[in-house]
Each structure stands twice: as C-alpha cells, then as structure tokens.
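Colleague: Make a model of this:
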Amino acid sequence: MDNLTILQDERLRLVEVDRLTSELAGGSDPVLNSIVNMLCAYFDVPTVLVSVVDRDYQVFKAKIGLADDRTPRDVSICAHGLWQESVLEICDTLQDARTVDNPLVQASPHIRYYAGAPLVIRPGVSLGGLCIIDHETRPALCERDRNLLSNAARVVVERLQSIHQQNFYDPMTGLPNRRRFEADFKDAAALTGQVAIFIEPISAAGMDGLFKALGIEFFTNFMLAVKEVLVAALPEGCRLYRPSTLGFMTVVGTCDASVLGARLGELVRSLSGPLHSGNVPVVPDVGISVLALGVDVDPSLDILRLMASMTDAARKADQRWLAYDPVVDASLRRNTAILNALEAALAAPDQLSLVYQPRMDLNSNRCVAVEALLRWVHPTLGQISPAEFIPLAETTASIRGITRWVIRQVCQQIADWRAHQITLQVSLNISALDLGDGQLYDDLNKALAEYDVSPAQVELEFTESALVTDFDTVHEQLQRFRALGVAIGIDDFGSGYSNWIYLRKIPATSVKLDRSLLVELQPGGNDWHIVRGLVSLLRDLRLTVVAEGVETDLHHHVLRGWGCDQGQGYYYARPMPAADLAAWLQQGRQT
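Modeller: Next up, the predicted model:
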C-alpha cells in the first residue's frame with residue numbers, strides 16, 4: 001500500500017473513529033466491560049483492552065489491568081494491526097522488531113505478549129483493536145482461540161455501532177437525531193453562511209388531541225408519513241434530522257431569497273394535503289422557521305430552541321414560514337423564565353399577594369363582595385401581570401398550585417376579617433384545568449375546615465371557555481360545589497360566543513358582564529341595547545347580574561336603572577390590599 005493510499009484511508013478511518021467512539025467515555029458501557037472481563041478470565045491474562053487508535057492517542061473504551069485511560073499513538077501496538085483483518089500476535093515482544101524498543105515493553109506495564117483482533121468496520125477500515133496482554137511470553141494461540149478473539153472483536157464493533165445508533169438516531173423514523181445534528185455541526189464555523197430549516201408538521205396541541213384519540217401507533221405512522229414526504233421534497237443531498245418529538249430539521253447552503261422562498265413554498269405545499277396514518281387521513285398544520293446562521297444568530301447558540309420557538313407564530317403567517325425573530329424569541333425566553341420561577345414564587349413568603357376589588361350592591365350602594373386578584377412581584381423580573389403569567393401557568397400543572405395557594409389565602413383572609421367584624425363574600429378565579437377532576441373540591445374543603453369559613457362566603461368564578469372543554473365533567477364538579485354551598489359565577493360574559501344552553505344547565509348563581517361591553521356604552525348605541533337586553537335576560541334566569549368595568553357616573557346610574565344587581569370598577573374603588581380595604585370600609589368610602 002503506497003503512502004498516498006494510506007493517507008486517504010487514514011482520513012476515512014478517522015471519520016469512523018469520530019463517528020462511532022468520540023461520544024463514548026472509557027469504561028462507561030457495561031457490555032464492553034463484560035467482554036474484557038470475559039476474555040481476561042478465558043485467556044487467563046492480566047490485561048484486556050478495547051483500544052481505539054485516534055489521531056494522537058490510543059484510547060481505551062473498556063479495559064482491565066491497566067491504570068492509564070490512553071497512551072500516545074506512537075507506542076500503540078494495536079496501531080500495527082490497523083491495516084490487517086486478522087489477529088496480530090506477538091508471542092515475545094523483545095524478539096519482534098516492531099516492539100522491542102517500545103516504552104510499554106521496556107518499562108511499565110512491561111508487555112511481553114500481545115494478541116489483538118482488529119475492530120473492523122468494513123474491509124480496510126479498522127478503529128483499533130481488542131487485545132489481550134501478558135507480562136510473560138506465551139505460545140501462539142490455537143485456531144479456536146484466534147477465532148474466539150476475532151468474534152469478540154466483531155461483537156465490540158456491533159456494540160459500538162449499536163451505541164451510536166441509540167445515541168444519534170431516532171428509533172421511530174431512523175433519522176439522525178438532535179445529538180447527531182449537534183455533533184455534525186459542533187464547530188460553529190461549519191454552519192456559518194448556511195440556512196437552517198425547522199419543520200413542525202403539526203402543533204403540540206393538535207398532536208396531543210390526535211394521540212389521545214388514536215394512540216401511539218397512529219402517531220408513529222403519521223411521523224413516518226411526514227418523513228417520506230419531506231425526503232421526497234428536499235433537494236438532493238440535504239440531510240434530514242428529527243431533533244425533537246414533532247420537529248424535523250435540515251440545513252441548506254445560502255441562496256437567493258427567491259430560491260429559498262420557492263423551496264420553503266414547496267415544503268409547505270408538500271404538507272398541505274392529507275397524509276394517511278393507517279386508514280386515517282390527517283391534514284398537517286405545518287409551521288416552518290428559517291434561520292440564516294452567522295447572519296440571524298451566532299451558530300454557537302442553541303439554534304434548535306430558537307427555531308422551535310418560531311413555529312407557532314409561523315402557523316399564523318400566510319406563507320406558513322417565518323424567519324427567526326429575536327423579538328419573538330426574547331418574549332418566549334421570558335415566558336420560560338416566568339414558568340421556571342412559578343414554583344419558587346409559590347414557596348416564597350413575599351412574592352405572591354392578593355388584592356381585593358369591591359363589588360357594590362347598586363341598590364344600597366354598599367360593598368357586599370370583593371374579587372380576589374393575584375399579584376406577583378419577582379425579585380429580578382419585577383412586577384408580572386396575571387394576564388401574562390396565568391395563561392402560561394394554565395399550560396402546565398403550575399395552575400393547580402396557584403389556585404391552591406389563592407384558596408388558602410382567601411379563606412385565611414375571610415377568617416381574619418371575621419375577627420374584625422367584616423363579613424364579605426370573596427370571589428376568586430379558577431381555570432378549566434381546575435375543574436377537570438375533584439382536586440379543587442378537596443383543596444377548598446380542606447381550607448374551609450381549617451379556617452372555619454362558611455362555603456357561602458366563597459364564590460368560584462370561571463370563564464365560558466371552561467364549559468366547552470369537557471362540559472359533562474365541569475358540570476359535575478360545579479354541582480358538587482353548589483351542593484356544598486359555594487357560589488358559582490360566570491366571568492367575562494358577553495366577550496365571546498355565549499351559549500345560553502350552558503346557562504340553563506349549569507348551577508351558576510351570578511354572571512359578570514365583560515368590561516368591554518361598557519367601553520362604548522352610549523344612549524342609542526348597539527352596546528346600549530345589548531347590555532340592557534342581557535341584564536333583562538339574566539335576571540329572568542334568576543342570576544345575580546354583576547357589571548365589571550364601571551368607571552363613570554353614567555355607567556352606575558344606567559345599570560342600576562336597568563336592574564343590574566352589582567357593579568365593580570374604578571368608579572367605586574381600585575383593587576387594594578386587605579388592610580387598605582378594611583380601612584376603606586371603616587371610613588364609609590363604599591357609599
């Protein structure tokens with residue numbers, strides 16, 4: 001073999017070394033460890049090594065009987081066997097020209113016998129050797145033992161390939177995974193000037209619904225169908241990755257904006273029609289994010305996270321794809337920071353608090369109830385609005401913890417007011433997730449008993465959207481609360497689609513008109529007639545009608561004239577801490 005051929009083959013060999021062994025720490029795999037232990041016992045030798053010959057070192061991925069994890073390549077006896085496919089055996093290293101001057105022979109560990117089977121990936125390409133070593137000379141191996149050592153080396157190679165497959169390939173689709181993507185582009189410069197494309201064929205919420213209805217086999221078939229469509233649609237030579245549960249990824253060279261747009265349009269069109277998962281046709285809901293590496297963002301950052309963050313926004317775009325936007329990403333990173341901080345806030349004594357906004361009886365002009373409103377002041381993020389963190393919490397189990405915290409604080413506050421001769425009904429907001437099972441009922445019962453609070457002093461408010469998620473379950477839970485004596489209020493009524501059938505069936509005690517209905521309230525206007533009609537209809541259903549967003553004298557007097565029962569808004573008072581509310585009540589400010 002001439003020097004040029006050896007050099008070319010060495011480059012190919014090192015590619016395989018990097019691919020199959022660079023991520024495997026020495027001694028970390030139990031199978032390889034078992035192999036060296038088995039050979040040590042069978043051949044009765046002190047040392048057995050799985051030796052990978054790298055650029056500058058031989059690295060031991062499994063070993064017994066040797067302290068070092070690696071030695072310089074120039075003293076590696078295994079390196080002598082890289083270009084042969086049979087066992088290299090040296091019965092006396094002091095009598096072999098290749099090893100007589102080797103430091104590992106002349107000094108510790110004093111190798112006198114060596115037999116190594118090459119770790120052959122394919123003909124002419126070997127990673128190193130599986131070798132047995134003794135400090136004494138030994139007779140040559142018999143054919144059976146040479147075959148055993150060679151077979152063990154093949155098992156080592158199969159194991160290395162299996163580890164690589166497990167670590168770097170997605171078992172569902174057979175595509176390279178996130179780790180493979182990161183390994184392929186671990187050098188930031190390798191991505192600079194290229195365009196990454198992240199494709200999410202369906203939203204997480206959409207797939208969750210299909211998965212629950214049809215199961216894992218359906219999900220697998222759907223993802224395989226998407227893979228086949230994308231492989232056919234991508235330009236030749238583009239490698240497709242599956243770096244996340246729903247996401248596919250590829251990288252293309254920089255090109256004219258119109259060419260890139262055409263490619264992206266083709267990807268969108270390829271996923272615009274129904275894909276068959278088994279016998280079920282599913283229309284994908286694709287979102288694609290695009291990122292020009294080295295232009296939009298530093299490639300050393302977590303580009304997969306950056307791109308995945310854009311797919312929901314991309315779904316709302318007409319073309320179904322969007323370039324990476326640092327403003328959107330900053331917002332999403334803030335959302336992540338807020339979610340990560342919620343649990344600590346619930347445990348902290350000084351981050352979360354409640355303020356209370358009075359609800360006025362419009363006939364007596366007295367405060368008869370208050371709404372508990374949650375406030376959060378984070379030590380580094382500052383004041384965080386409930387409008388920002390509650391919707392985020394509702395995407396996780398954190399909303400349960402928040403509701404539980406509010407319930408305890410409300411019951412404790414009602415008991416404290418009672419000690420000061422203040423009796424008020426307190427309404428608190430709950431989400432659809434809170435009504436999904438009996439946990440809320442148990443939490444409220446426990447808090448009522450602990451603080452000796454009458455159930456009638458608590459009102460649970462929820463929006464109409466909670467009714468459309470699982471009406472039967474929600475209805476069952478609400479019936480339990482009414483049987484307990486807890487009041488039930490519908491919040492933000494009239495802000496969207498209002499189903500009057502729900503109003504007839506659920507055990508509500510009050511309905512709160514959405515504040516948006518009062519913004520344009522003027523005599524003769526559409527909202528004027530709508531609000532008056534809603535008040536009349538709700539009173540006919542024997543529901544307490546509460547108007548939210550009362551801010552003017554006109555609002556107050558007109559609503560009272562129409563028979564609205566209660567009003568809440570800045571016209572009466574802003575939300576205030578419990579101590580300030582007590583002072584406000586004592587000063588007679590509610591009249």
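Colleague: okay, CA-based contacts and neighbour counts for the rest of this
Modeller: Noted.
Colleague: and the closest residue to residue 564 other than its chain neighbours, what pLDDT?
Modeller: The spatially closest residue to residue 564, leaving aside those adjacent along the chain, is residue 545, at 5.5 Å (Cα to Cα, 6 or more residues apart in numbering). The predicted structure scores residue 545 at 94 on the pLDDT scale.
Colleague: Then residue 498?
Modeller: The predicted local confidence for residue 498 is 55.
Colleague: what about residue 333, how many neighbours?
Modeller: 15 (other Cα atoms under 10 Å).
Colleague: Now name the helix or strand holding it.
Modeller: Secondary structure here is read from DSSP states H and E; on that basis residue 333 sits in helix 326-347.
Colleague: List the buried residues of the next helix or strand after that helix.
Modeller: Per DSSP H and E, helix 326-347 leads on to strand 352-361 as the next helix or strand towards the C-terminus. Of all the residues in strand 352-361, those buried under the rule 16 or more other Cα atoms under 10 Å are 352, 353, 354, 355, 356, 357, 358, 359, 360, 361.
Colleague: go on, stretch 317-329?
Modeller: Taking 16+ other Cα under 10 Å as the neighbour-count basis, stretch 317-329 is seen to contain the buried residues 320, 321, 322, 323, 324, 325, 329.
Colleague: longest helix in this structure, by residue count?
Modeller: helix 143-168 (DSSP state H).
Colleague: hang on, the earlier thing: please compute how far the helix holding residue 333 lies from its chain's middle.
Modeller: Using Cα atoms, centre = their mean, to the nearest Å, the mean C-alpha position of helix 326-347 is found 13 Å from that of the whole chain.
Colleague: Likewise for stretch 452-471?
Modeller: In terms of Cα atoms, centre = their mean, the centre of stretch 452-471 is found 30 Å from the chain centre.
Colleague: Need the contact partners of it.
Modeller: 411, 414-415, 424-433, 435-436, 448, 474-475, 484-493, 498, 502 (Cα atoms under 8 Å, 6 or more residues apart in numbering).
Colleague: so for that stretch, what's the average pLDDT?
Modeller: Taken as a whole, stretch 452-471 has a mean pLDDT of 84.
Colleague: Doesn't residue 539 belong to a helix?
Modeller: Yes: counting by DSSP: H, G, I helix; E, B strand; the rest coil, residue 539 falls inside a helix.
Colleague: which ones are touching it?
Modeller: With contact set as Cα under 8 Å, 6+ apart, residue 539 has these partners: residue 545.
Colleague: what do you get for residue 117?
Modeller: Under the contact definition (Cα under 8 Å, 6+ apart), the residues listed for residue 117 are 81, 85, 86, 87, 88, 129, 130, 131, 149, 150, 153.
Colleague: Swap in 6 Å and give it another go.
Modeller: If you count contacts by Cα atoms under 6 Å, 6 or more residues apart in numbering, residue 117 has them with 87, 129, 130, 150.
Colleague: would you say it is within a helix?
Modeller: No: residue state for residue 117 (three-state DSSP) corresponds to strand; a helix is not indicated.
Colleague: Find the nearest non-adjacent residue to it, please.
Modeller: Going by Cα to Cα, 6+ apart, residue 117 has residue 87 as its nearest residue, at 4.4 Å.
Colleague: Could you verify my assumption that the one you found touches residue 120?
Modeller: No: no contact is recorded between residue 87 and residue 120 when judged using Cα atoms under 6 Å, the distance being 11.2 Å.
Colleague: which element is residue 492 on?
Modeller: Element membership of residue 492 [criterion: DSSP H and E] is strand 487-493.
Colleague: So what's the predicted local confidence for residue 229?
Modeller: For residue 229, the model assigns a pLDDT of 91.
Colleague: Phi and psi next, for it.
Modeller: Note on residue 229: its backbone torsions stand at phi -60, psi -40 [degrees, to the nearest 10].
Colleague: Quick check: closest non-adjacent residue to it.
Modeller: With Cα to Cα, 6+ apart as the measure, residue 270 is the residue that lies nearest to residue 229, at 6.6 Å, once sequence neighbours are left out.
Colleague: again with residue 263
Modeller: Leaving aside its sequence neighbours, residue 263 sits nearest to residue 234 (Cα to Cα, 6+ apart; 8.0 Å).
Colleague: Any idea how many residues pack against the one you found?
Modeller: Using other Cα under 10 Å, residue 234 has 18 other residues around it.
Colleague: Give me the distance between it and residue 310.
Modeller: Computed as Cα to Cα, to the nearest Å, the residue 234 to residue 310 distance reads 21 Å.
Colleague: Please verify my assumption that residue 177 contacts residue 240.
Modeller: No: the criterion here is Cα under 6 Å, and residue 177 misses it with residue 240 at 9.2 Å.
Colleague: Of the two, which one has the most company?
Modeller: Neighbour totals were compared for residue 177 and residue 240, and residue 177 leads with 25 against 19 (other Cα under 10 Å).
Colleague: Now do the strands in the stretch 1-150 of the chain.
Modeller: For the stretch 1-150 of the chain, applying DSSP state E, counting those that start in this stretch gives strands covering 47-53, 57-64, 70-72, 88-90, 113-122, 125-134.
Colleague: List of residues touching the first one?
Modeller: Counting by Cα under 6 Å, 6+ apart, strand 47-53 makes contact with 36, 58-65, 127-133, all of which sit outside it.
Colleague: do the third one as well
Modeller: For strand 70-72, the surrounding residues in contact (Cα under 6 Å, 6+ apart) are 57, 58, 59, 60.
Colleague: picking that back up, number of residues surrounding the residue nearest to residue 117?
Modeller: Using other Cα under 10 Å, the number of residues around residue 87 comes to 20.
Colleague: Okay, and which of the buried residues of stretch 317-329 map to strands?
Modeller: Residues from these lying in strands, with DSSP state E as the criterion: 321, 322, 323.
Colleague: quick one on the thing from earlier: quick check, pLDDT for the residue nearest to residue 229.
Modeller: If you check residue 270, the pLDDT there is 91.
Colleague: ranges for the helices of the stretch 351-500 of the chain?
Modeller: Under the criterion DSSP state H, counting those that start in this stretch, helices of the stretch 351-500 of the chain are mapped to 386-393, 398-419, 439-451, 465-469, 471-484, 500-505.
Colleague: Fine by me, thanks again.
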